[in-house]
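A.B. asks: Here you go, sequence then predicted model.
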Amino acid sequence: MKKSLTLLLLLLCSLLFSTVLSNLLVEPVQPNTVPAFPVETQAQSCRLDLSNELFGGVNEACGRNLDRSRCCPVLAAWLFAAHARSALQLPAPAPTPESSDPDEPMKPDDSQKCVNTLQSALLTKQIKIPQPNSSCDAILCFCGIRLHQISSLSCPAAFNVSSGFKNATPTAAVKNLEKECRNSSYSGCTRCLGALQKLKVRGGNKKTTTERGTKMMSKDCQLMGLTWLLARNKTAYIPTVSAVLRAIMYSPHPPHLNKSEDTLFYNWRVTYGKIALDTLPRRGILINGQFPGPEIRSLTNDNLVINVQNDLHEPFLLSWNGVHMRKNSYQDGVYGTNCPIPPGKNYTYDFQVKDQVGSYFYVPSLAVQKAAGGYGSLRIYSLPRIPVPFPEPAEDFTFLVNDWYRRNHTTLKKILDGGRKLPLMPDGVMINGQGVSTVYSITVDKGKTYRFRVSNVGLQTSLNLEILGHQLKLIEVEGTHTVQTMYTSLDIHVGQTYSFLVTMDQPPQNYSIVVSTRFINAEVVIRATLHYSNSKGHKIITARRPDPDDVEWSIKQAQSIRTNLTASGPRTNPQGSYHYGKMKISRTLILESSAALVKRKQRYAINGVSFVPSDTPLKLADHFKIKDVFKVGSIPDKPRRGGGIRLDTAVMGAHHNAFLEIIFQNREKIVQSYHLDGYNFWVVGINKGIWSRASRREYNLKDAISRSTTQVYPKSWTAVYVALDNVGMWNLRSQFWARQYLGQQFYLRVHSPNHSPKDEYPLPKNALLCGRASNKNMSIITP
């Protein structure tokens with residue numbers, strides 16, 4: 001009976017929250033604290049350690065849609081971590097008869113000063129959290145977070161949903177928690193949280209965490225458990241508490257683990273700002289004041305709602321490199337599918353990371369804005385029920401690497417518009433937005449293993465990454481788990497992403513992380529520092545990377561990268577379940593690049609056609625059936641000899657569910673890189689020379705790597721297979737941005753005659769209209 005009443009109470013609470021949340025205010029009102037907790041004056045405010053990194057997860061978790069299951073744990077973690085330093089400085093109270101247990105933790109300040117200080121700090125940082133209603137405080141009422149409720153590992157009634165609302169006591173399980181949480185770094189998180197899961201509630205409750213209610217709020221109770229450590233007057237725990245709290249705060253996994261998808265809300269403001277790549281600062285493009293932009297951390301099948309406010313003096317678009325946009329090319333963020341966001345206006349992207357896992361990034365897609373920044377990383381974690389083929393790393397680092405030029409993006413655009421080429425030699429190389437003016441550094445612990453996600457977000461230069469003295473174990477390439485081969489260094493071509501594990505098995509020193517240019521006349525290098533936490537100095541080690549122009553070495557490395565057939569991908573079935581090598585090829589495309597002057601201006605082409613943007617995005621013209629914007633079939637399947645280069649809005653037609661063989665033929669003397677939006681493809685062959693039918697004997701038809709960007713070596717070919725299972729208008733382009741801008745791209749129109757939402761989503765109701773679509777009726781939203 002008691003259990004039934006508890007479940008009924010939970011159901012009623014859930015319905016109440018749903019009703020309240022459906023009427024959220026767009027803009028927050030000034031917090032109106034309930035009478036039981038009077039507002040403190042500024043002089044009475046408590047001291048909080050408000051480090052900037054603690055602000056990171058609040059907007060992402062709370063946003064405009066106040067989801068209690070995500071927002072409350074983040075606010076709790078934020079508040080408790082910020083309060084840690086002052087809480088641990090408080091003297092321990094004298095024991096009382098009611099609390100004579102020596103393991104009973106001290107209680108922090110029994111007032112609401114810190115909550116009020118938190119509210120003020122969030123407003124100062126322009127972090128706006130919607131209120132559940134006009135008279136309810138988000139932190140006090142909605143989340144029930146009050147510092148004086150921190151007692152012996154208690155989940156207060158606002159959080160605790162287990163039978164009887166009983167709290168745990170500091171028993172042997174709690175002492176085990178202390179033991180497992182001694183590791184004062186992020187790497188201690190796994191054991192620490194594991195110990196938290198084993199804690200039992202008072203009264204001999206033997207139920208496990210499989211109980212539905214406990215599962216739903218497990219993250220909240222873990223946070224309460226960590227505050228028990230925080231509350232103890234032992235300074236040894238502060239690094240552990242702060243680190244694990246932050247790890248939970250930034251965790252992409254929602255506490256309601258029974259759900260397979262969630263919606264993440266982001267509000268981004270795009271502005272100009274100064275970036276210092278060397279001694280001379282220059283103007284760059286920032287997102288929410290950050291360069292690189294905010295990192296997106298999501299789960300497979302999450303829905304991402306990203307409102308982009310363009311405060312530049314020029315139009316702006318973001319494209320999501322490697323994200324498939326299943327049935328939804330309207331969100332792809334390139335000019336062929338989207339109208340640019342005008343200056344002073346906004347657009348909200350709304351898409352699902354459907355059936356994907358792995359490491360990706362986003363970039364500005366218009367003109368040469370990519371050279372100024374505006375890019376960032378995007379992670380898609382596996383669902384909790386889907387195993388990954390490697391142990392949980394101690395920490396997970398993102399490296400966005402790229403070439404850069406001292407001239408700003410508007411000057412580079414003028415160079416290209418004037419018919420000239422960009423310089424082949426960049427002025428430098430960057431790691432996470434830092435150039436030679438600062439040394440990028442990461443700290444690691446000896447004996448632990450770390451994950452590195454490295455993306456080349458540059459304009460045109462292949463890069464090599466090496467961590468001196470350490471081996472790189474490749475685990476993932478653009479969403480595909482790989483055979484776990486060890487490498488001394490990796491070539492990362494423009495637009496590509498690699499993910500690898502590194503074990504810190506060397507003597508505790510400082511080691512260089514070397515990122516260097518490849519296949520250009522002179523090598524450009526930048527170094528970051530891998531700092532062992534107990535380092536005794538800097539280790540001098542000879543680099544093992546290849547010669548800058550060693551193409552053979554790079555080809556052999558590319559041929560060695562293969563798919564792990566037994567590992568799960570975004571679903572439970574193994575990656576090798578789809579036998580691409582047994583599929584019947586329905587069509588072969590041979591795509592060959594070329595370069596020439598057209599009317600004395602430099603142009604680049606594929607199969608003799610240099611792409612010229614139309615005055616209306618192709619996808620909108622297709623949807624509204626606007627004539628004379630483009631013609632399907634305006635680019636041939638194969639190159640034509642002796643025809644030179646012609647200008648056209650190149651669109652190639654293809655049938656839904658066709659299976660294509662695409663040959664990228666490179667007769668030029670440079671390494672090239674190609675990307676296809678909306679898909680991954682299997683890289684079945686890479687070799688020198690001219691491709692012929694006999695080259696198919698060299699194909700890997702068993703475990704070729706599946707990815708969305710592939711390199712093509714000088715005087716060489718690359719062959720890929722792709723299953724066209726995603727209806728839409730998809731951009732196939734050179735990842736060399738100057739070549740793409742000057743015509744080396746086209747659009748693949750994958751068409752289904754069914755015109756069904758099962759194949760393609762309708763035009764979004766918030767779609768921006770421009771060009772010849774400006775006066776169209778938005779009520780017509782069927783394909």
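C.D. replies: Thanks, I have it.
A.B. asks: just the helices in the stretch 601-750 of the chain please.
C.D. replies: For the stretch 601-750 of the chain, helices defined by DSSP state H, counting those that start in this stretch occupy the ranges 618-624, 737-741.
A.B. asks: Ok, which of those helices comes nearest H755?
C.D. replies: Ranking those by distance to H755, with C-beta to C-beta as the measure, places helix 618-624 first at 10.9 Å. C-betas here are computed from N, CA, C, even on glycine.
A.B. asks: For the closest one, name the packing helices and strands.
C.D. replies: Using 3 or more C-beta pairs under 8 Å, 6 or more residues apart in numbering; DSSP states H and E, the elements in contact with helix 618-624 are strand 728-734, strand 745-751.
A.B. asks: Check which helices and strands the last one is in contact with.
C.D. replies: So that's strand 745-751. Packing contacts for strand 745-751, counted by 3+ C-beta pairs under 8 Å, 6+ apart, involve strand 609-611, helix 618-624, strand 650-655, strand 728-734.
A.B. asks: mind redoing it with 6 Å?
C.D. replies: Under the contact criterion of 3 or more C-beta pairs under 6 Å, 6 or more residues apart in numbering; DSSP states H and E, strand 745-751 touches strand 650-655, strand 728-734.
A.B. asks: And the average pLDDT for the shortest one is what?
C.D. replies: Read it as strand 650-655. When pLDDT is averaged along strand 650-655, the result is 97.
A.B. asks: tell me the angle that strand makes with strand 728-734.
C.D. replies: Our comparison of strand 650-655 with strand 728-734, counting by axes from the mean of the first three to the mean of the last three C-alpha atoms, to 10 degrees, yields an angle of 130 degrees.
A.B. asks: G428 versus R406, what's the distance?
C.D. replies: Counting by C-beta to C-beta, to the nearest Å, the separation of R406 from G428 is 8 Å.
A.B. asks: Between these two, which is the more surrounded one?
C.D. replies: Each of R406 and G428 has its neighbours counted (other C-beta atoms under 10 Å); G428 has more, 18 against 12.
A.B. asks: beta partners of that one?
C.D. replies: Beta-bridge partners recorded for G428 (DSSP bridges): W404.
A.B. asks: Surely it and W404 touch.
C.D. replies: Yes - in this structure G428 lies within contact range of W404 using C-beta atoms under 6 Å: 5.3 Å.
A.B. asks: Phi, psi for G581 please.
C.D. replies: Backbone torsions of G581, given as degrees, to the nearest 10, read phi -70, psi -10.
A.B. asks: is it true that it touches D703?
C.D. replies: No - in this structure G581 lies outside contact range of D703 using C-beta under 6 Å: 9.2 Å.
A.B. asks: which of these two has more neighbours?
C.D. replies: Set side by side, G581 and D703 show more neighbours around D703, with 18 against 14, by other C-beta under 10 Å.
A.B. asks: before we move on, the earlier item: would you mind finding the most buried of the helices and strands packed on strand 745-751?
C.D. replies: Relative to the other members of those, strand 728-734 carries the highest mean neighbour count by mean count of other C-beta atoms under 10 Å, namely a mean of 26.
A.B. asks: partners of that one, with directions?
C.D. replies: Next to strand 728-734 in the sheet, as set by DSSP bridges, lie strand 672-676 (antiparallel), strand 745-751 (antiparallel).
A.B. asks: what's next to the first one, contact-wise?
C.D. replies: Applying C-beta atoms under 6 Å, 6 or more residues apart in numbering, the set of residues contacting strand 672-676 from outside is 493-495, 664, 666, 708-712, 732-733, 735.
A.B. asks: then that strand to PDB, C-alphas only?
C.D. replies: What follows is strand 672-676 as a C-alpha-only set of coordinates in PDB (Å, rounded to 0.1, in the frame of the first residue of the first chain):
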ATOM      1  CA  GLN A 672      43.000  16.500 -52.000                       C
ATOM      2  CA  SER A 673      40.100  15.900 -49.500                       C
ATOM      3  CA  TYR A 674      36.400  15.300 -50.300                       C
ATOM      4  CA  HIS A 675      33.300  15.300 -48.100                       C
ATOM      5  CA  LEU A 676      29.700  14.100 -48.700                       C
END
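A.B. asks: Give the buried residues for it.
C.D. replies: Along strand 672-676, these residues count as buried under the neighbour rule (16 or more other C-beta atoms under 10 Å): Q672, S673, Y674, H675, L676.
A.B. asks: who's the second one bridged to?
C.D. replies: S673 has the following beta-bridge partners by DSSP bridges: Q711.
A.B. asks: now swap in the one 10 residues further on and tell me
C.D. replies: When bridges are taken as DSSP bridges, the partners of V683 come out as V720.
A.B. asks: what do you get for the one 5 residues further on?
C.D. replies: Here K688 shows beta-bridge partners S716, assigned using DSSP bridges.
A.B. asks: just the helices in this structure please.
C.D. replies: When secondary structure is read from DSSP state H, the chain shows helices at 2-21, 56-62, 68-88, 113-124, 172-180, 189-197, 212-216, 218-231, 238-249, 409-417, 551-560, 618-624, 737-741.
A.B. asks: from what I can see L304 touches T263, true?
C.D. replies: No - checked against C-beta under 6 Å, the pair L304 and T263 is beyond contact range at 7.8 Å.
A.B. asks: more neighbours, the two?
C.D. replies: A count of neighbours by other C-beta under 10 Å puts L304 above the other of L304 and T263, at 21 against 16.
A.B. asks: now the more buried one, nearest residue through space, not along the chain?
C.D. replies: With C-beta to C-beta, 6 or more residues apart in numbering as the criterion, L304 has its nearest non-adjacent residue at 5.4 Å, and that residue is L264.
A.B. asks: mind listing what that neighbour touches?
C.D. replies: Applying C-beta under 6 Å, 6+ apart, we find L264 in contact with S298, D302, L304.
A.B. asks: Nearest to L383 among those residues?
C.D. replies: So of the contacts of L264, ranked by how close each gets to L383 (C-beta to C-beta), first place is D302, at 9.8 Å.
A.B. asks: hang on, that closest one packs against F265?
C.D. replies: No - under the criterion of C-beta under 6 Å, D302 makes no contact with F265, lying 11.0 Å away.
A.B. asks: higher neighbour count, these two?
C.D. replies: A side-by-side neighbour count of D302 and F265, using other C-beta under 10 Å, places D302 first with 24 against 20.
A.B. asks: Could you give the backbone dihedrals for that one?
C.D. replies: Phi and psi for D302, reported as degrees, to the nearest 10, are phi -60, psi 150.
A.B. asks: Show the low-confidence segments of the chain, by residue range.
C.D. replies: Filtered on pLDDT under 70, the chain yields the residue ranges 1-119, 128-261, 539, 778-783.
A.B. asks: which residues in the stretch 401-550 of the chain form strands?
C.D. replies: Shown for the stretch 401-550 of the chain, the strands assigned by DSSP state E, counting those that start in this stretch span residues 428-431, 441-444, 449-456, 463-467, 472-477, 480-481, 486-487, 489-492, 497-503, 510-517, 525-532.
A.B. asks: between the ones you listed, which gets nearest to V612?
C.D. replies: If you check each of those against V612 by C-beta to C-beta, strand 449-456 wins as the nearest, at 27.4 Å.
A.B. asks: Next, the angle from that closest one to strand 672-676.
C.D. replies: Between the axes of strand 449-456 and strand 672-676, defined by the same axes, to 10 degrees, the angle is 100 degrees.
A.B. asks: contacts for strand 449-456?
C.D. replies: 359, 361, 393-401, 444, 463, 465, 492, 494, 496-503.
A.B. asks: ok, it: who's next to it in the sheet?
C.D. replies: In the sheet containing strand 449-456, the strands it pairs with under DSSP bridges are strand 396-404 (parallel), strand 497-503 (antiparallel).
A.B. asks: how about the CA coordinates for it, as PDB?
C.D. replies: These are the backbone C-alpha positions of strand 449-456, laid out as PDB (Å, rounded to 0.1, in the frame of the first residue of the first chain):
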ATOM      1  CA  THR A 449      44.600   6.100 -20.300                       C
ATOM      2  CA  TYR A 450      43.100   9.200 -22.000                       C
ATOM      3  CA  ARG A 451      41.000   9.700 -25.100                       C
ATOM      4  CA  PHE A 452      41.900  12.300 -27.700                       C
ATOM      5  CA  ARG A 453      39.400  13.500 -30.400                       C
ATOM      6  CA  VAL A 454      41.300  15.300 -33.100                       C
ATOM      7  CA  SER A 455      39.600  17.200 -36.000                       C
ATOM      8  CA  ASN A 456      41.300  19.100 -38.800                       C
END
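A.B. asks: Cheers, nothing more for now.
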